[in-house]
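Engineer: here is the input, now give the coordinates:
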Amino acid sequence: MVRYFILAAGAIVVFTAVAAILLVVMPEPRGPIDYMIAGTVSTLAALFAVFLALIGTAFKAPNIFFKKRHK
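Structural biologist: Coordinates of the predicted model:
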């Protein structure tokens, strides 16, 4: 249970950090499309971070994406 809480907190931190960086980098005046782009890229980064965290911790097999077939 604690592992999932840490994973969710990490995703929220990544989302917030990427959104803040993008909003600082984008020039003023910002329109609705700029906020949509910042949110979309932040969501993509947070989901990628969760994916990498799950692959690195939950699945310890050497070949996660490939399965050997029995002959």
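
Engineer: helix or strand: which one has V14?
Structural biologist: Secondary-structure assignment from DSSP states H and E places V14 in helix 2-25.

Engineer: and F5, how many neighbours does it have?
Structural biologist: One way to gauge burial is a neighbour count; for F5, by other Cβ atoms under 10 Å, it gives 9. For every residue, glycine as well, the C-beta is placed using N, CA and C.

Engineer: so what pLDDT did it get?
Structural biologist: With respect to pLDDT, F5 has a value of 88.

Engineer: tell me the contacts of it?
Structural biologist: In this structure, F5 makes contact with no residue, judged by Cβ atoms under 8 Å, 6 or more residues apart in numbering.

Engineer: pLDDT of the longest helix belonging to the chain, averaged?
Structural biologist: Secondary structure of the chain read by DSSP state H shows that its longest helix is helix 32-57. Helix 32-57 shows a mean pLDDT of 89.

Engineer: what angle do helix 2-25 and that helix make with each other?
Structural biologist: Computed by axes from the mean of the first three to the mean of the last three Cα atoms, to 10 degrees, the angle separating helix 32-57 from helix 2-25 equals 150 degrees.
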